[in-house]
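Colleague: Just need the structure, nothing else, for what follows:
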Amino acid sequence: MDNRSKLLMISEKIKQINDAVNKMESSIVFFSATHQELRLDIEREAAYYVNIDYFYGLFFERCDIYIDFIMQKIMLFNLEYEKTKSSISLIHDLRTYKSHTLDKMKLHDKDLIDRVEKWHFRLTGSKKISDENYLICSNQLINLAEEILDAMLSCIRRIETDERKEHMIREMLMAKDNYCPDFYIESQFNAVMTAVGLKADAHILTKKYGKQIRDKMKVFSSLPAEEHDKKIGLLIEQILFSNDINICPLGGERIMLEFGLVPGKELGEMKRKAIELSQEDPYRSEEQLLVLLRNWKRYRELIMGKSY
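Modeller: Have a look, this model is predicted:
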């Protein structure tokens, strides 16, 4: 079977997984719907990158509710767990490599770049993909996705005949009922920040802490919905007040103007103290910080007996 035919089979495998899961429990949709479409002109650069986005969405967005569950069961049934995990991770790396600005000076970014470029080199003999090699990389990308879907479908078939089937269905229902999608976590961040008078970008906070919140909330999966929501609110309050998300409103230029300073060590020490004072109480305004900074400066001069 050529890889264009394999691409057409991808949609069929997705449907088979959804149908099999839905037959076991009608309220569960394993892969959610999408507007994205696979491109069949896989020899083209644009098609290669569009298909990376498609497969990233398939495994990291459309089945994000159940991905932990299915991977655990793939391991349980000895269905090429390590290979499947590696393939999913590679698709994540390929999408990050494509879509984000990476800094080789940062260890995490460098490691990701190295993984992707080693994959390129293994397939094409070069770390960068040339025009004539997009077909090779597209073919391998399709193979990765097919292997993942085959492992998932085999796992679902095993669940269908397993004596623990009902228990596993309950696990999936609990995952569905207690899942906290990003839009919900973002709304909770906004609600909590409004209640406590903090200002920050809820979308960025959700991207940074969303997985942490979901992981911690698994402990409370059996709680009624109202109690579950209350726990999320408390967790978000804890995150907001135990992490340094506040930005000191008193800038270096204002400090120079108010204290007659020039760029240098003294300005740096004053700014460092302003940040410290802001971290002590994230509600402090620029003017309040100036008052506290003046008092601190006078105290230092008194104690040290010299201008600071």
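Colleague: What's the local residue count around residue 89?
Modeller: 11 (other CB atoms under 10 Å). In this view, the C-beta of every residue, glycine as well, is placed from N, C-alpha and C.
Colleague: Counting by contacts, list what the helix or strand hosting it packs against.
Modeller: Assigned by DSSP states H and E, residue 89 falls within helix 81-99. Secondary-structure packing of helix 81-99 (3 or more CB pairs under 8 Å, 6 or more residues apart in numbering; DSSP states H and E): helix 45-60, helix 67-76, helix 107-124, helix 134-161.
Colleague: Any idea which of those gets closest to residue 299?
Modeller: The closest of these to residue 299 is helix 107-124. By CB to CB, the value is 41.6 Å.
Colleague: Check the offset of that closest one from the chain's centre.
Modeller: 20 Å (CA atoms, centre = their mean, to the nearest Å).
Colleague: any idea of the angle it forms with helix 81-99?
Modeller: 100 degrees (axes from the mean of the first three to the mean of the last three CA atoms, to 10 degrees).
Colleague: mean confidence score for helix 107-124?
Modeller: For helix 107-124, mean pLDDT is 96.
Colleague: Please name every helix or strand in contact with that helix.
Modeller: helix 81-99, helix 134-161.
Colleague: thinking again about what came up before, ok, residues contacting the helix holding residue 89?
Modeller: Contacting residues not belonging to helix 81-99 are listed as 49, 52-53, 55-56, 59-60, 71, 74-75, 102, 112-113, 115-116, 119, 141, 144-145, 147-148, 151-152 [CB atoms under 8 Å, 6 or more residues apart in numbering].
Colleague: quick one on the thing from earlier: deepest of the helices and strands packed on helix 107-124, which one?
Modeller: helix 134-161 (a mean of 19; mean count of other CB atoms under 10 Å).
Colleague: How far does it sit from its chain's centre?
Modeller: The chain centroid and the centroid of helix 134-161 are separated by 23 Å, computed with CA atoms, centre = their mean.
Colleague: cool, and stretch 192-205?
Modeller: On CA atoms, centre = their mean, the centre of stretch 192-205 falls 19 Å from that of its chain.
Colleague: and it, which residues are buried?
Modeller: For stretch 192-205, a neighbour-count test (16 or more other CB atoms under 10 Å) marks 192-193, 198, 202, 205 as buried.
Colleague: next one: stretch 173-192
Modeller: So stretch 173-192, judged by 16+ other CB under 10 Å, has buried residues 175, 178, 180, 182, 185-186, 188-190, 192.
Colleague: Any chance of these in JSON lines with pLDDT as columns?
Modeller: Formatted as JSON lines, these follow (pLDDT from 0 to 100):
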{"residue": "175", "pLDDT": "80"}
{"residue": "178", "pLDDT": "71"}
{"residue": "180", "pLDDT": "79"}
{"residue": "182", "pLDDT": "83"}
{"residue": "185", "pLDDT": "90"}
{"residue": "186", "pLDDT": "91"}
{"residue": "188", "pLDDT": "91"}
{"residue": "189", "pLDDT": "91"}
{"residue": "190", "pLDDT": "92"}
{"residue": "192", "pLDDT": "89"}
